[in-house]
Structures are given as C-alpha cells and as structure tokens.
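K.L.:
how would this look folded up:
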Amino acid sequence: MFRAIWAARWYLLLGLFTFIFVLAINTPLHFVWGFVEPQVKRLPVNIHHVNGTLWDGHAKIGVPQMRALGELQARWTLSPLSLLTGAAAVNLQVEGQGLRLQADTRIGMDQQLDIHSASGYLDSAVVAPVLKKNRISVGGNFELSQLSGELNLAQRRFADISGRVVYSGGEVSVPVNNKPVQATMPMVLGNIAMEGNKAVITATTTDNKELLQAYMQPDGWGGVAVRRRFIDALGQEWPNKAEEDTVIFEVSHKIL
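P.N.:
This is a model prediction of the structure:
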C-alpha cells in the first residue's frame, strides 16, 4: 500500500496544489481582506464594501482629498500567474457619476505601482465644487488617454508619468481683474509629462500654442501658471501690455 502511495506521490502533490489553487481563487475576498488591507492602506483612497474574490472583485472607493468625486465603484481582475514574479498584474476599472477610468497596473513588493495605457472620462460637473472655491466654473468634459506612469506608494510620488488629455471646450467663467468673465472656451489639448521631480500638464490650443501649465510636486504642493494667450482664447483683452507668452497669473497651494 505504501509502495503504491509513494509511486503516486507526484499525482498526489499535483492534486494538493490544484486543490489549494482552486480554493484560493474561489475564496470570498472578505475572508482574506484582513491580510490584504494593510498593503492597500498606503494608497491615497478609502476602500470599503469589498466583495467577490481576490482575483475578480469589486469595492466602493472614496478619495478623502477629492470628496467632490463622491463614491466610486471599482472592479478589478488579478492574474494569479503574475504573483509568481513577485508582482500583481491588475486590470482596474473605476466608475462614478460623470467619471470613468480604466487601466492595466502592476504592483510590486517594493511598493512600486506601474500604470499602463490608462484611459478615462471626466465630466466638468464632478470638479465644479473644487473650482467654485476659486470662483471658476467650466462646462464640457475631459478625455484622458495613453496615460502611463510609475508611482512609489510608500513615498506617494511619481517617478515617471506621461499621457494626453483633451478638453472638449464649453462655457467657462473665470475671474479677470477680480471680475467674473464668461466666455466660450475652444477645445484644449493637454500633455502630461515629468519635468524634474514634478508632474506637469501643459495645456495648448489645437495649433500647439501654450495656454497654461499646471504642476504637482512630490511634497503635495501644486500650482498653475496662466499665459496671456489664455485670455485671448476667451475673447477678452488683457488691460496691460504683455506678449502672448507672458505669464499673467500664477498661484500655488497645498493639494495633497
């Protein structure tokens, strides 16, 4: 009997491995969430109402720094084979009221998050409460494409980022000389890139003339510099003499 068991040992090991593998794949996520939760706490989001399995699950997400986004629905699929390389390859989909994001990501044991070919959509109504604090209102929507980057979760800073964003154009209201100016903004193109240790978005006209530049620093400070050409695009006249490329307005504040 023991000789027969010994002869079939490899089949027994294969069966045991298969049993463990199938059990892990089908185990409800709330049973293992206690082990996973400490790892995701480094993310700048709150995750709750977790359901499904570790490999194919969904949850609700809140972003404390951007409460205007409301409650988001997230769904992910994780490749079990990717764990053999010491990383987790995850396809992530996030949706909310007026918001959509899809990305292929990879999270390593060194807390490095790689983002590949992310795309998304944002209705301006979602960010209206944030803009209102600065007496700004924007109509239209934003489309994100080709976004890739490397983010250190432990330090919460980007090592690299690149992508494109397109603003559809629409009705806007901005303060000019402390007075609200309403106008129709044409389509704007945005290029996302790294400049030194800062993540930068450069907004241009469709003929590639710069309108403004916004940035985010590793310490959580962000800012924006507006050129006179932006005022021209609104159909307004700047009262002081200045060239099109002159920065006429610049502001920065703590964001994260």
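K.L.:
Only C-alpha atoms from now on, for both contacts and neighbour counts.
P.N.:
Fine.
K.L.:
in the stretch 51-200 of the chain, what spans have low per-residue confidence?
P.N.:
Confidence mapping of the stretch 51-200 of the chain against pLDDT under 70 gives the ranges 65, 68, 83-84, 156.
K.L.:
can you pull out the strands in it?
P.N.:
Secondary structure of the stretch 51-200 of the chain (DSSP state E, counting those that start in this stretch): strands at 56-62, 72-78, 87-96, 99-108, 112-123, 137-138, 141-152, 157-167, 170-176, 179-185, 188-195, 198-204.
K.L.:
Pull up the pairing partners for the shortest one, direction included.
P.N.:
Using DSSP bridges, the strands paired with strand 137-138 in its sheet are strand 170-176 (antiparallel).
K.L.:
Check which residues of the strand it pairs with are buried.
P.N.:
Buried residues in strand 170-176, defined by neighbour count with 16 or more other CA atoms under 10 Å: V172, S173, V174.
K.L.:
Grab the nearest non-local neighbour of the second one.
P.N.:
This means S173. Excluding the flanking residues, the one nearest S173 by CA to CA, 6 or more residues apart in numbering is Q182, at 4.4 Å.
K.L.:
Now do stretch 178-190: distance to the chain's middle.
P.N.:
Distance, stretch centre to chain centre, for stretch 178-190: 25 Å (CA atoms, centre = their mean, to the nearest Å).
K.L.:
For the residue most central in space within the chain, give its distance to V94.
P.N.:
Compute the mean C-alpha point of the chain, and by CA atoms, centre = their mean the closest residue is L101, 7.6 Å away. L101 is 5 Å from V94, where distance means CA to CA, to the nearest Å.
K.L.:
ok, now G120?
P.N.:
From G120 to V94 the distance is 9 Å (CA to CA).
K.L.:
what is in contact with those two at once?
P.N.:
R100, L101, Q102 (CA atoms under 8 Å, 6 or more residues apart in numbering).
K.L.:
which of those residues lies closest to A128?
P.N.:
The closest of the shared contacts of G120 and V94 to A128 turns out to be R100 (CA to CA; 16.6 Å).
K.L.:
picking up where we left off before, make CSV from the strands of the stretch 51-200 of the chain and add distance to D232 to it.
P.N.:
Below are the strands of the stretch 51-200 of the chain laid out as CSV (distance: least, CA to CA, whole Å):
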stretch, distance to D232
strand 56-62, 38
strand 72-78, 37
strand 87-96, 34
strand 99-108, 30
strand 112-123, 25
strand 137-138, 17
strand 141-152, 21
strand 157-167, 17
strand 170-176, 12
strand 179-185, 10
strand 188-195, 13
strand 198-204, 13
